[in-house]
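[1] Got a sequence here, can you build the structure:
(chains A and B)
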2 protein chains.
Amino acid sequence: MPTTGKDVAVPHARSGRPVRITDVAALAGVSIGTASKALNDTGQLRDETRARVKDAAEKLGFVGDARARALSSGRTYTVGMITTDSFGRFTMPVLLGAEDALSAGEVMVLVCDTRDDHVREAHYLRSLVARGVDGIIVTGRSADARPPIDVPVPVPVVYALTPSTAASDVSVTLDDAGGAAAAASHLVALGRRRVAVVTGPTGARSAVSRAEGARVALGDRMVGEPMHGEWSERWGRQVVDLLDQGPGVGAGAAAGGAVDAVLCGNDQIARGVCDRLRETGRSVPGDVAVTGYDDWDVVALASRPPLTTVDMRLDELGRIAGRALLELVAGGHPASVSVTPSLVVRESTLGA
Amino acid sequence: MPTTGKDVAVPHARSGRPVRITDVAALAGVSIGTASKALNDTGQLRDETRARVKDAAEKLGFVGDARARALSSGRTYTVGMITTDSFGRFTMPVLLGAEDALSAGEVMVLVCDTRDDHVREAHYLRSLVARGVDGIIVTGRSADARPPIDVPVPVPVVYALTPSTAASDVSVTLDDAGGAAAAASHLVALGRRRVAVVTGPTGARSAVSRAEGARVALGDRMVGEPMHGEWSERWGRQVVDLLDQGPGVGAGAAAGGAVDAVLCGNDQIARGVCDRLRETGRSVPGDVAVTGYDDWDVVALASRPPLTTVDMRLDELGRIAGRALLELVAGGHPASVSVTPSLVVRESTLGA
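    You can find the predicted model right below:
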């Protein structure tokens, strides 16, 4: 069988057999019990003794056995992360953030891709429970709440990005209204007075929250009502034509009420707005400032000009979810929290 | 502690205590040994008996304990997947494909994001070995070979996407030359006779392989030498200007040798080519056919027109890697393989 590394299992320097804890204890000049305590960071030992045992383990290449530790502690130092989103562009950073926070607690993450299939979800949940995972993180691409997972035994659970409908569950979510408000305040601070708000479908909670956050922050600087459409560049291009039929867009527009900024609910819409404005002879940000949402590199940086946008901080959301799960596992009571996004300023509002 | 599911651990219907294998055996009317064999799919039993035991387990909500199974089999039914790429857009589909193949074998995947940090990689490898994983899949964003991983004990390993420099290791890679040849053959079949080949940096193996595959398939239909630049829309736009200074592009070009197709090494370059051609009054595919590579939705579908491109089939690569690892774990000898990409035809070569 093709393998890698050395040819025999952790060979003892002299005998060639695997290194055991007895070897470590012998080299350190301590009892097996002391060696075990030192390696597991348990018991009352002098720092010097603990260091000597660890040095000996290091010298001999002693690997230990996490399974033995798991059985003795009643924990597996493993959590499951289950998603309905095939770890897409929203849930992937959440997974990596959670993995980062959990690895600090020596916990590893088992990934379960349910593909939005209830049968697969049930199967994975049974498997995770049978493996005795310490806890489960549930995530998905939508900000719309989902029912709690159905597991046969009590397991610590944290919902990330997609909250649980049960108020007693711990959910870590995004502050979409706050992100849109940050973009709106930035436009206002730049002196823009006639801002169109354009976002995704009315059925998406994130689209509605972003429109509402923008409305509150803009006050009477919002032109008309928020415009809802698909999350696409095409919708962004259409929006410019629709505005031209209404209030007008940019310095060249006839009416004094022409739009001087477009606040968009995602980067794709914003890129479409920029493209259509450029192709019809208006400059961004000279005539019209444009903001996006997501800070998705392939869209935000490729846009002409690059987009001022809102970084959702999904990795931070994942880290918070991971830490909340560790706290639950330890018997704590973490609260549900909402993560505040941060504004990223680029040329689409500030000029080259 | 907020938990989910029922209030007590798998309660027995009458007594309220957890369901044990003795309960399953009693309900099925068999011995504990027979129940165990039936649930673990071991031993010689009549199908009818096995089915009756499984029915009883299902009725009682018996969960079993994967840890006990793992200890008795010497396997953990867990593999590690380690990446240098933070499970980015190339490695994410590989992870999901591998997870799909492995879950069919009841194996779950622990994710380890090394962030291209050798210290983190060494730490994760030690942890995976200490957990007794059945095997490890190593992946990364680049098609450039990497040194074998360094582990203290022999572990079955499969390299996915990023091959190992050791020929004795099992590597599952992409046939980049084959993918580019498929795009080239498609252009030739459409009657294009003057094809420019544009790709990524000379230092990237995938860029060079794609250029070489295109060269072989195009023969004397390739105009000039492959043009290397960054993997960006900007480079695609620049390419059109460079070609205009040379052989010319499209039906309106003066010389008879004008380019009538541009074969691009990724979708971003192709989108840039399409944008620049449109903005300078040439039609795609009327004047010039354009192909991409990657089939990355956000670029290929948003392009005007949508791109004919090459689907790398990274999910299939992941599935093959997962199955190869299962074969290694079972003592088999899977061969290194190269996955053939598939052409996806859209408007950039065929018209709306």
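[2] Chain A - how does it break down into domains?
    Following automatic domain parsing, one finds the domains of chain A at A:21-64, A:74-174+A:315-340, A:176-311.
[3] Please name whichever of those domains is nearest to chain B.
    Chain B lies closest to domain A:74-174+A:315-340 among the domains of chain A, at 3.6 Å (CB to the nearest CB). C-betas here are computed from N, CA, C, even on glycine.
[4] First-to-last residue distance for that closest one?
    36 Å (CA to CA, to the nearest Å).
[5] What segments of the stretch 1-150 of chain A are helices?
    A:21-28, A:32-40, A:47-60, A:66-73, A:91-103, A:118-130 (DSSP state H, counting those that start in this stretch).
[6] can you count the residues close to A:Asp220?
    A:Asp220: 6 surrounding residues under other CB atoms under 10 Å in any protein chain shown.
[7] pretty sure it is in a helix, no?
    Yes. Assessed with DSSP: H, G, I helix; E, B strand; the rest coil, A:Asp220 lies in a helix.
[8] pLDDT score for it?
    pLDDT recorded at A:Asp220 is 96.
[9] Repeat that for the one 5 residues further on.
    Looking at A:Glu225, its pLDDT is 96.
[10] so what's it up against?
    Under the criterion of CB atoms under 8 Å, 6 or more residues apart in numbering or on different chains, A:Glu225 has no contact partners.
[11] Quick one: classify it as helix, strand or coil.
    Recorded secondary structure, A:Glu225: coil (three-state DSSP).
[12] nearest residue to A:Asp238 other than its sequence neighbours?
    For residue A:238 the amino acid is Gln, not Asp. A:Gly229 (7.0 Å; CB to CB, 6 or more residues apart in numbering or on different chains).
[13] State the pLDDT value of A:Val249.
    Looking at A:Val249, its pLDDT stands at 91.
[14] same check, this time on the one 5 residues further on
    As predicted, A:Ala254 sits at a pLDDT of 58.
[15] before we move on, the earlier item: hey, least reliable of the helices of the stretch 1-150 of chain A by pLDDT?
    Mean pLDDT values for the helices of the stretch 1-150 of chain A show the minimum at helix A:66-73, a mean of 58.
[16] Number of residues surrounding A:Ala251?
    Applying other CB under 10 Å, we find 12 residues neighbouring A:Ala251.
[17] Oops, could you answer that again for A:Ala183 instead?
    A:Ala183 has 32 nearby residues by other CB under 10 Å.
[18] Quick check: it touching A:Ala214?
    Yes. Look at A:Ala183 against A:Ala214 with CB atoms under 8 Å: they come within range, at 7.1 Å.
[19] got any residues that touch both of those two?
    Counting by CB under 8 Å, 6+ apart, the contacts common to A:Ala183 and A:Ala214 are A:Leu263.
[20] okay, A:Asp150: pLDDT?
    pLDDT, A:Asp150: 90.
[21] now for the helix ranked longest in chain A, which elements pack on it?
    The residue-count maximum for a helix in chain A (DSSP state H) belongs to helix A:314-329. Judged by 3 or more CB pairs under 8 Å, 6 or more residues apart in numbering or on different chains; DSSP states H and E, helix A:314-329 is in contact with helix A:91-103, strand A:135-139, strand A:157-160, strand A:170-174, strand A:337-339.
[22] With mean neighbour count added, can I get these in JSON lines?
    As requested, the helices and strands packed on helix A:314-329 are exported to JSON lines (neighbours: other CB atoms under 10 Å in any protein chain shown):
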{"stretch": "helix A:91-103", "mean neighbour count": "24"}
{"stretch": "strand A:135-139", "mean neighbour count": "26"}
{"stretch": "strand A:157-160", "mean neighbour count": "28"}
{"stretch": "strand A:170-174", "mean neighbour count": "24"}
{"stretch": "strand A:337-339", "mean neighbour count": "17"}
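[23] Reformat these as CSV; add distance to chain B.
    As requested, those are exported to CSV (distance: least, CB to the nearest CB, whole Å):
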stretch, distance to chain B
helix A:91-103, 5
strand A:135-139, 8
strand A:157-160, 5
strand A:170-174, 6
strand A:337-339, 14
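[24] Distance to B:Ala143 added to the ones you listed, as a markdown table?
    Listed next are the helices and strands packed on helix A:314-329 as a markdown table, based on distance: least, CB to CB, whole Å:
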| stretch | distance to B:Ala143 |
| --- | --- |
| helix A:91-103 | 21 |
| strand A:135-139 | 30 |
| strand A:157-160 | 33 |
| strand A:170-174 | 35 |
| strand A:337-339 | 36 |
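[25] closest one to B:Val172 among these?
    Set against B:Val172 and scored by CB to CB, those come closest in helix A:91-103, at 21.4 Å.
[26] what about the helices in the stretch 151-300 of chain A?
    Applying DSSP H, counting those that start in this stretch to the stretch 151-300 of chain A gives helices spanning A:176-189, A:205-218, A:233-245, A:267-279, A:297-300.
[27] returning to that earlier point: between the helices and strands packed on helix A:314-329, which one is closest to B:Ser36.
    Across these, closest to B:Ser36 is strand A:135-139 (CB to CB), at 27.3 Å.
[28] That closest one: how far from the chain's middle?
    Computed by CA atoms, centre = their mean, to the nearest Å, the chain-centroid distance of strand A:135-139 equals 13 Å.
[29] Could you pull up the mean pLDDT of it?
    97.
[30] Up against chain B, what does the stretch 201-350 of chain A have?
    When proximity is defined by CB under 8 Å from any CB of the partner chain, the stretch 201-350 of chain A lies next to chain B at A:232-233, A:268, A:279, A:296, A:298-299, A:302, A:328, A:331-333.
[31] Narrow those residues to just the buried residues.
    Among these, those classed as buried by 16 or more other CB atoms under 10 Å in any protein chain shown are A:232-233, A:268, A:296, A:298-299, A:302, A:328.
[32] partners of A:Asp311 in the sheet?
    Following DSSP bridges, A:Asp311 is listed with bridge partners A:Asp294, A:Ser342.
[33] How much space separates it from A:Val339?
    11 Å (CB to CB, to the nearest Å).
[34] so where's the stretch 151-300 of chain A uncertain?
    Applying pLDDT under 70 to the stretch 151-300 of chain A picks out residues A:252-256.
[35] List the residues that contact A:Ile137.
    Applying CB under 8 Å, 6+ apart, the residues contacting A:Ile137 are A:79-82, A:98, A:109, A:157-160, A:321-322, A:325.
[36] Also A:Thr83?
    Applying CB under 8 Å, 6+ apart, the residues near A:Thr83 are A:91, A:95, A:111-114, A:138-140.
[37] same question, A:Ala25
    Neighbouring residues of A:Ala25 by CB under 8 Å, 6+ apart: A:31-32, A:34-35, A:53, A:56.
[38] buried stuff in stretch A:224-240?
    Those would be A:226-229, A:231-240, for stretch A:224-240 by 16+ other CB under 10 Å.
[39] Over to stretch A:100-114?
    Buried residues in stretch A:100-114, counting neighbours by 16+ other CB under 10 Å, are found at A:100-103, A:105, A:107-114.
[40] ditto for stretch A:247-266
    Using 16+ other CB under 10 Å as the test for burial, stretch A:247-266 gives A:247-250, A:253, A:258-266.
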